[in-house]
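# pasting the sequence and the predicted coordinates here, then a few questions.
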Amino acid sequence: MEVLGISPGEVEKLFSTLEKSCKERKVLSPTHSTKTTTEVVLNADSDESVEQIPFLECREAVTRFIKPMSKEKSYVDFLMQDYDVYNADNEESGAEGDASLCCNTTATRPLPGAGRATVYVSHAWNANVFSLLQAILDHSRKSSSPQYYWVDIFCINQHAVEESPSSNNRKDRDWWMSSFARTITDVGTVLIVLAPYEAPMVCTRAWCLYEAAVAHKEGVPIEVVLPSTETDAFIHHVLKHLKEFAASMLDIDSSKGKTTLACDLEHIRRMIQSLPGEYAAVNKMYSTMLREWLIGTLKPVFDKRREVQTEEMAAFSHTLGGLMVEARQFDDAITCYLVSLKAYQELYGQYNASVGRLHAMIGVAYERKGDAERAIRYHEKSLIIYKAVYGDEHQEVGATHNNLGNACFKSGDFRRAIAYFKKSLVIKTALFGPKHVSVGTTYSNLGLAYHSLGDYDRAIEAQKTSLDICLPLMDDTDLALGKTYSNLGQSYQARSEHERAIEYFWKALIIEKTALGESHASVARAYGNLGSAYAAKGEHAVAINHNTKSLEILLQTTGGVHPSVAAMHSNIGVCYSATGDRQTALTHFQECVDISEKIADATKKSADVDPKIADNPDPAAATSKVDADVGKAYNDLGTAHRNVEQYAEAVVAHTKACSIYEEIYGAMHPNVGRVLLNKGIDHQRAGHHTDAQKVFEASVRILQQSLGPDHPHTVKAQEHLSTVVKQQSEKHSGWEHFMMMK
């Protein structure tokens, strides 16, 4: 059965009719003008009066208008009938309530007022119906094709909806839930109406949160619209109060969603709990969606007003930059921060706390973008300013030392990172005492730096100190604890204490699943850590189970073409090789190669279009990194081919890996020598001893020069060379003996 929706033309007629009725009753709301966003931006400082529009709850609109007019049908079903017949019936029987106001056309309309629904509208029943209607009209005017809107107040037969206690039947409520879910997938697009702008009701209504969750789960596109009648006041408000507005709007808690009927709430909660990730996943999805909408809406405001040097604009730019960092829009975030920095410097001079804070935020943005060196420079400037403003013993100074430690860690300068973390600990401990969350977090960072240096004993000591501090102060499901457990697992794994590593990896997984839901990249990483630990322990079947689970989640969360997916295919391939299932291993290694090549192609195309590749300031470094991943994938694939005695294919794969490594690192790099060693083994196993000898000789020459004669890889290459030379000699001697006998 076709899902029907209401046309924009019919919505416009309803708007005019309802507006007329409400104005006659003086039911007005001091809301906003219908200016465009551009007009609002250009006149944001204007105090001109705004036009009032009526206020009528959707619920009341249904009672007073929709139900009396639709006559035991849904409104869209009514629209599909012959209007002349309806009007004749109406004249004879008389319509109750205000239905007659909606029937101001006596002839059949030239275009149908209803048709196959293309947009599902999510809105709150206790919001203003005029905001709902205006949002639909705004969306339709921007659409390139005709749209019909599925709106519950128009598309559900309101006469058949029971709100009596008997409607608490679980079977009936389940039917309603599944019916809404089917409608969302059938229609294909969900439109979320944000109204009123200062506290959008959809953010707190359980039905609306559930609708968005279903759309997200089923891959249905979601769009957000703010009625144009509220744009003016919205822009005026956020220019002054963006920080408070964003904090309130993005603080989504689906577990506290509200409904009119208690029985609805029970069923909605049960349905959300059945979705992947439950409440945590719904909260993250909804807040991420709203953040992206907020950024897209406010960026034109910033672009128009970025030259305005006021404290208000500086604060606005600062907050917008923070939203962009959370959305990983680092270049735009840095632009906003720099505008804010310039304004604060003009207003207060160089040595001011706000100026120091902006330097710190720019440093964080560069660090998360991947440009650690620039991050260090901005954090160093921040440190100078904070010391000038506050002195050496202040929490901002301690925090900046921690930031510098993080940036140095990202740059690979682990000893310098350790020095900064230790300075941060001294200051924080003096200010807050030894049992403070901030102190515990810095100990965790210190542990990571020691781990990267290979000092696993000190790494474990620092991570355990972090746990001792944070466990009594944090909730058991705090992600910071999960991170520390994971770090401890990595350090124990590096010490080959696999049982201890597995213990901590399990604890990390439990926390991350609870906090983030099953379908999250961090959960996939936790499963992957367990897989690596079990593989190192020799329990390859268990490792395959965990790695496969990790791969399933990564495919859901990344789309498939992602370095983590390629790496997980490689890990699974290694495990299958260890179990003797070399054909399955080969399949996974081939997947790793295919994905790695797609990533490399995409990265190179991005570098050609825009030298500033996302998240990496150095295009050459970015392309080299992905090429190196491709080289490793081909090397692993070659070994997998050899394991199933496909020697010709093994030689081809190892030759490809060798060419990639030579292009990246040069001909005398140890990676080239290692791949040549593998290629030589391919030839040796195939019985091509002459080719093997030539390749082994090249491998030995490179490895001796790059790693020295005593390195294990050099020794192994020399042993293979000696063996093949001996085989060649024995073969030659045997041939001479045969000729003499002949």
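Okay, I see it.

# phi, psi for Leu191 please.
For Leu191, the backbone dihedrals are phi -110, psi 120 (criterion: degrees, to the nearest 10).

# tell me the contacts of it?
Val119, Tyr120, Val121, Ser122, Ala135, Ile136, His139, Tyr149, Glu223, Val224, Val225 (Cβ atoms under 8 Å, 6 or more residues apart in numbering). The way it works is simple: take the backbone N, C-alpha and C, and place the C-beta from them, glycine included.

# mind checking which of the residues you listed are buried?
Taking 16 or more other Cβ atoms under 10 Å as the criterion, what is buried in those is Val119, Tyr120, Val121, Ser122, Ala135, Ile136, His139, Tyr149, Val224, Val225.

# farthest pair in the residues you listed?
Distances among these were taken as Cβ to Cβ; the most separated pair is Tyr149 and Val224, at 15.0 Å.

# if we can go back for a sec, tabulate the buried ones among the contacts of Leu191 (a markdown table), appending secondary structure, distance to Asp392 and pLDDT.
A markdown table is the format used below for those (DSSP: H, G, I helix; E, B strand; the rest coil; distance: Cβ to Cβ, whole Å; pLDDT from 0 to 100):
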| residue | secondary structure | distance to Asp392 | pLDDT |
| --- | --- | --- | --- |
| Val119 | strand | 59 | 96 |
| Tyr120 | strand | 59 | 96 |
| Val121 | strand | 58 | 96 |
| Ser122 | strand | 53 | 94 |
| Ala135 | helix | 54 | 95 |
| Ile136 | helix | 60 | 95 |
| His139 | helix | 56 | 95 |
| Tyr149 | strand | 62 | 95 |
| Val224 | strand | 47 | 95 |
| Val225 | strand | 51 | 94 |
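
# does Leu4 touch Ala114 like I think?
Yes. With contact defined as Cβ atoms under 8 Å, Leu4 and Ala114 form a contacting pair (5.0 Å).

# intersection of neighbour lists for these two?
With Cβ under 8 Å, 6+ apart as the test, Leu4 and Ala114 both reach Val76, Asp77, Met80, Tyr148.

# isn't the second one up against Asn157?
Which is Asp77. Yes. In this structure, Asp77 is within contact of Asn157 by Cβ under 8 Å, at 7.4 Å.

# which residues are in contact with both of these two?
Counting by Cβ under 8 Å, 6+ apart, the common neighbours of Asp77 and Asn157 are Ser70.

# measure the residue nearest to Ala578 when sequence neighbours are not counted to Thr579 for me?
Take Ala578 and drop its neighbours on the chain: the residue closest to it by Cβ to Cβ, 6 or more residues apart in numbering is His540, 4.6 Å away. Here His540 is placed at a distance of 5 Å from Thr579 (Cβ to Cβ, to the nearest Å).

# the two - which one has more neighbours?
His540 (20 against 13; other Cβ atoms under 10 Å).

# pretty sure the more buried one contacts Tyr534?
Yes. His540 is within contact range of Tyr534, at 7.5 Å (criterion: Cβ under 8 Å).

# on that earlier part again, residues contacting the residue nearest to Ala578?
So His540 contacts Tyr534, Cys575, Tyr576, Ala578, Thr579 (Cβ under 8 Å, 6+ apart).

# over to Asp476?
Contacts for Asp476 (Cβ under 8 Å, 6+ apart) come out as Ile511.

# secondary structure class for it?
coil (DSSP: H, G, I helix; E, B strand; the rest coil).

# can you tell me the closest non-neighbouring residue to Tyr75?
Closest to Tyr75 by Cβ to Cβ, 6+ apart is Phe154, at 4.2 Å.

# quick check: which element contains the one you found?
Using DSSP states H and E, Phe154 maps to helix 152-155.

# picking that back up, distance check, the residue nearest to Ala578 against Ala533.
12 Å.

# can you pull out the strands in the chain?
Listed in chain order, the strands of the chain (DSSP state E) span 4-6, 28-29, 53-54, 114-116, 119-122, 149-150, 190-193, 222-225.

# could you give the mean pLDDT of the fourth one?
The average of the pLDDT scores along strand 114-116 is 87.

# next, the buried residues of that strand.
Across strand 114-116, burial judged by 16+ other Cβ under 10 Å covers Ala114, Gly115.

# quick one: contacts of that strand?
Strand 114-116 has contacts (Cβ under 8 Å, 6+ apart) with 2-7, 10, 76-77, 79-80, 146, 148.

# farthest-separated two in the residues you listed?
For the contacts of strand 114-116, the maximum inter-member distance is 19.9 Å, found between Asp77 and Pro146 (Cβ to Cβ).

# of those two, who's got more company?
Legend: neighbour count by other Cβ under 10 Å for Asp77 and Pro146, higher for Asp77 (16 against 12).

# next up, the contacts around the more buried one.
Leu4, Ser70, Ala114, Asn157.

# quick check: chain neighbours aside, which residue is closest to the second one?
What it means is Ser70. Leaving aside its sequence neighbours, Ser70 sits nearest to Phe78 (Cβ to Cβ, 6+ apart; 4.5 Å).

# just the first one next, same as before
Excluding the flanking residues, the one nearest Leu4 by Cβ to Cβ, 6+ apart is Val76, at 4.4 Å.

# can you report how many residues lie near the residue nearest to Tyr75?
By the criterion of other Cβ under 10 Å, Phe154 has 26 neighbours.

# again with Ala247
Going by other Cβ under 10 Å, the residues that sit close to Ala247 add up to 11.

# enumerate every residue touching Ala360.
Tyr378, His379, Ser382, Ala399, Thr400, Asn403.

# hmm, try it at 10 Å
Shown in contact with Ala360 (Cβ atoms under 10 Å, 6 or more residues apart in numbering): 337, 375, 378-379, 381-383, 385-386, 396, 399-400, 403-404.

# Ile511 now?
Ile511 touches 475-486, 522-523, 526, counting by Cβ under 10 Å, 6+ apart.

# buried ones among those?
Buried subset of the contacts of Ile511 (neighbour count, 16+ other Cβ under 10 Å): Asp478, Leu479, Ala480, Leu481, Gly482, Lys483, Thr484, Tyr485, Ser486, Ser522, Val523, Ala526.
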